[in-house]
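Engineer: pasting the structure only:
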């Protein structure tokens, strides 16, 4: 498997925000095994202005307990850096994502984990199209 290249190196700026996350257990309808760093789970959050099937392309990078990026399989719960991949979508999310926003990791139509926004980093400073 190819090593994950950090998004900060790819995009040239800091993450948009951080979340505290927990992947659902298999009994809760979650994954059979935990994902690896680099998974492209879509971050979804409730808001009356967007449709349930929208794909936001907000992807996670998972940290260890020291704040370093994890290589390989990620933890069941912890902290993730969140990246809005499309600068065109950043203004939409700037108006809606706040500390305390509850969201979900989604793989297709399935929610695999729950998240809470804990910190805004570059959401309002990172480039928009």
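Structural biologist: Right, received. Where do you want to start? Bear in mind that the values here come from a model prediction, so they are computed numbers and not experimental data. Residues are numbered from 1 along each chain as shown.
Engineer: what are the pairing partners of the helix-or-strand element of the chain with minimal mean pLDDT, and which direction each?
Structural biologist: Within the chain, no helix or strand scores below strand 42-45, which has a mean of 90 by mean pLDDT, DSSP states H and E. Using DSSP bridges, the strands paired with strand 42-45 are strand 102-107 (antiparallel).
Engineer: gap between the helix or strand that the strand it pairs with is followed by and the chain center?
Structural biologist: Counting by DSSP states H and E, the next helix or strand C-terminal to strand 102-107 is strand 110-120. How far strand 110-120 lies from its chain's middle: 7 Å, per Cα atoms, centre = their mean, to the nearest Å.
Engineer: same question for stretch 30-47.
Structural biologist: 8 Å.
Engineer: touching that stretch from outside, list them.
Structural biologist: 1, 4, 19, 23-24, 26, 55-62, 69-76, 82, 96-97, 101-107, 111-113, 115 (Cβ atoms under 8 Å, 6 or more residues apart in numbering). Placement of C-beta: from N, CA and C, glycine included.
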